[in-house]
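**Q** starting from these lines, generate the structure:
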Amino acid sequence: MKPVFATNVTENKKNDVSNAEAFVCQRISQMNKESLDRVSEENNKVIKKASLPLPLRIMQIASMIVGFICFRVTMNLTRDGMSSGELLREAPVLFVVLAACVVVFGVVTFWGNAKSKKIRNSEESEIAASRADVVCRNIYAELGVTEQTPEVDIFDFKYKEKKNDISFVAYNKMSAANFMNFPYKFYVNEGNLYLADLEVKYCIPLNKVKGIKTVKKQATIPMFMWNKDIAFNEGYYKQFKIRGNDGNIFIKPYHILCFEHNGEDWGLYFPCYELPLFEQITGFKAE
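**A** This is a model prediction of the structure:
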């Protein structure tokens, strides 16, 4: 089965062309693209202003690391039988450095949060957000997306073909995540299943859909790619027993919307918490 929102890196590790290109039915106009680029740049400037300057970020991280090391050394010496009084007499530098790190980290973090809040509440930030909202609404109107259109998360990944099967490829060596998680507007119109983002609309004929397959395996996504307003372990999402650890979110099971295209079997991969919406919109029940 060929995955839709996925990139085949079997022969070319640098391949960046998604299989989803085969299902593009509409791209936004050049005018809207230029508007989107412009408001994205404006918002990036606001975000940059709200962020800590590089020297302070380095100072914040360094104080956290050094402070943690001092704390661990202190705890290890205490466990070895040295009392707090003895430790203070024998190694006063540890306490001085630890205290200094706590103060530096606290001051820099407090100042950074105050600066970020001030920028976010500024007129410049409000204007940038308002312009971005107008551009997004114009783009969705062009793509036929209404304000009532639901949003659904879809998995995106890299893979290698292996004996009529696929194996997932991690996006980078520093992460255990094997999936990315992107939101799309999701709806059916005139017998077609549509997925739209702020640049492209994809189309899958509904009469080509064969069903929804359940994969009782774990999908791992980066923590920052959780797209919902509610936390993954609260409210509606609590029932799915989604776990988070070490900067990743672990989801089990996940599902595949199976369909045919040009004589080939294709699959659209999505997380378990989106199954009710998929079943409602497509009319198929998961296996």
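**Q** so which residues of the stretch 51-200 of the chain form helices?
**A** Listed in chain order, the helices of the stretch 51-200 of the chain (DSSP state H, counting those that start in this stretch) span 54-79, 84-90, 92-120, 123-142.
**Q** what bits of this structure have low per-residue confidence?
**A** Along the chain, segments meeting pLDDT under 70 span 79-84, 87-88, 173-174.
**Q** and the residue most central in space within it, what does it touch?
**A** For the chain, the residue sitting closest to the mean C-alpha position, by CA atoms, centre = their mean, is Met225 at 1.3 Å. Met225 is in contact with Met180, Asn181, Phe182, Ile249, counting by CB atoms under 8 Å, 6 or more residues apart in numbering. Backbone N, C-alpha and C define where each C-beta goes, glycine included.
**Q** re the thing from before, how about the helices of the stretch 51-200 of the chain in JSON lines, adding mean neighbour count?
**A** Output for these, formatted as JSON lines (neighbours: other CB atoms under 10 Å):
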{"stretch": "helix 54-79", "mean neighbour count": "14"}
{"stretch": "helix 84-90", "mean neighbour count": "12"}
{"stretch": "helix 92-120", "mean neighbour count": "14"}
{"stretch": "helix 123-142", "mean neighbour count": "15"}
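**Q** rebuild the ones you listed as TSV, extending it with distance to Ala231.
**A** Below are those laid out as TSV (distance: least, CB to CB, whole Å):
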stretch	distance to Ala231
helix 54-79	24
helix 84-90	39
helix 92-120	20
helix 123-142	23
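**Q** quick check: which of these is nearest to Asp16?
**A** The closest of those to Asp16 is helix 123-142. By CB to CB, the value is 22.8 Å.
**Q** who are the packing partners of the closest one?
**A** Packing partners of helix 123-142 (3 or more CB pairs under 8 Å, 6 or more residues apart in numbering; DSSP states H and E): helix 30-50.
**Q** output the contacting helices and strands for the helix it packs on.
**A** Applying 3+ CB pairs under 8 Å, 6+ apart, one finds that helix 30-50 contacts helix 92-120, helix 123-142.
**Q** okay if I get the ones you listed as TSV plus distance to Ile281?
**A** Shown next, in TSV, are these (distance: least, CB to CB, whole Å):
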stretch	distance to Ile281
helix 92-120	35
helix 123-142	17
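**Q** nearest to Ala286, of the ones you listed?
**A** With distances scored as CB to CB, the stretch of those nearest to Ala286 is helix 123-142 (28.6 Å).
**Q** hmm, who's touching the closest one?
**A** The contact list for helix 123-142 (CB under 8 Å, 6+ apart) reads 28-29, 32, 35-36, 38-40, 42-43, 45-46, 50, 119, 146, 149, 185, 196, 198-199.
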